[in-house]
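Participant: here you go, sequence then predicted model.
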Amino acid sequence: MPRQFFVGGNFKLNPASLQASTSLIEGLNKADLDPATEVVIAPPSIYLVPVSQLVRKDVKVAAQNSYFKDSGAFTGEISPKQLVDAGIPYVILGHSERRTLFFETSALVATKTRAAIDAGLKVILCIGETLEQRESGKTAQVCQEQLQAVVDVTKAEDWSKIVIAYEPVWAIGTGKVATSAQAQETHAEIRAFLSKAVSADVASNVQILYGGSVTAANSKELARQPDVDGFLVGGASLKPEFADIINARRV
């Protein structure tokens, strides 16, 4: 079975009001979207419930983060069980901003991933290297180390609940984009690693997204790569061109 094309929109800490979020969702609701593409959007946590109620039924909603405890004295956190209870099916974990700005280690990301899957969530697992790491030839090593932490706490069957988002840190919000060849090479390396570390079946079936300054202009060429199964989009998900990115594989 071919892997379903998947496009996620990570709104990050945007927009700054519920009214602006509503306007954004209304635009998405009116857009002509490829029904063959799975679409997930991740608004700020305070807007998760209203957005999930406003958005069209064929678009799913994700949280941008979650903790690994169900409840307790963890001020400011959201638990996976609370997300499930609120009807939120997805969570983004391991985004480079969480790793760099909030000092989340790969071990912590793996613990969060385990907790999210156990609670019934699907996980968009982010991995990727810095510019320094790419220039020193460590892209594959960095991605494999970040993945290995998750491999260590999961079973093969858990990977049906995981979507991988390869996001080179040097390309996020910078306007720099990995070439289609660079994206394909890294995605193929990720798939080869999973084949050895988990199973050939998991490697063949897991969706691997590209993220990093994706736009309507570059999405079609990236989408043609055999191991690029979609995108995790940042800034462009806040613009009308998000619909064009969703439709990147539409004939």
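Facilitator: Structure received.

Participant: Tyr47 is in contact with Ser17, isn't it?
Facilitator: No. Using C-beta atoms under 8 Å, Tyr47 is not in contact with Ser17; the gap is 9.2 Å. Yep, even glycine has a C-beta here, placed from its N, CA and C like the rest.

Participant: who has more neighbours out of those two?
Facilitator: Taking other C-beta atoms under 10 Å, Tyr47 and Ser17 do not tie; Tyr47 has more neighbours (20 against 9).

Participant: show me the contacts for that one.
Facilitator: Residues counted as contacts of Tyr47 (C-beta atoms under 8 Å, 6 or more residues apart in numbering) are Leu18, Ser21.

Participant: repeat that with 6 Å
Facilitator: Taking C-beta atoms under 6 Å, 6 or more residues apart in numbering, we find Tyr47 in contact with Ser21.

Participant: using CSV, write out the CA atom coordinates for the longest helix belonging to the chain.
Facilitator: The longest helix of the chain (DSSP state H) is helix 180-197. Only the C-alpha atoms of helix 180-197 are listed here, as CSV (Å, rounded to 0.1, in the frame of the first residue of the first chain):
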residue,chain,number,x,y,z
SER,A,180,14.8,18.0,-3.0
ALA,A,181,17.9,15.8,-3.4
GLN,A,182,19.0,16.6,0.2
ALA,A,183,15.6,15.9,1.6
GLN,A,184,15.3,12.6,-0.3
GLU,A,185,18.8,11.5,0.8
THR,A,186,18.0,12.1,4.4
HIS,A,187,14.6,10.5,4.3
ALA,A,188,16.0,7.4,2.6
GLU,A,189,18.7,7.2,5.3
ILE,A,190,16.0,7.5,8.0
ARG,A,191,14.1,4.7,6.4
ALA,A,192,17.2,2.5,6.1
PHE,A,193,17.9,3.1,9.8
LEU,A,194,14.4,2.1,10.8
SER,A,195,14.6,-1.0,8.7
LYS,A,196,17.6,-2.2,10.8
ALA,A,197,16.6,-0.8,14.1
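
Participant: avg pLDDT for that helix?
Facilitator: Helix 180-197 shows a mean pLDDT of 97.

Participant: immediately after that helix, which helix or strand?
Facilitator: Next helix or strand after helix 180-197 toward the C-terminus (DSSP states H and E): helix 200-205.

Participant: can you give me the buried ones in that following helix?
Facilitator: Val202, Ala203 (16 or more other C-beta atoms under 10 Å).

Participant: and that helix, how far out from the chain's middle?
Facilitator: Between the centre of helix 200-205 and the centre of its host chain there is 19 Å, according to C-alpha atoms, centre = their mean, to the nearest Å.
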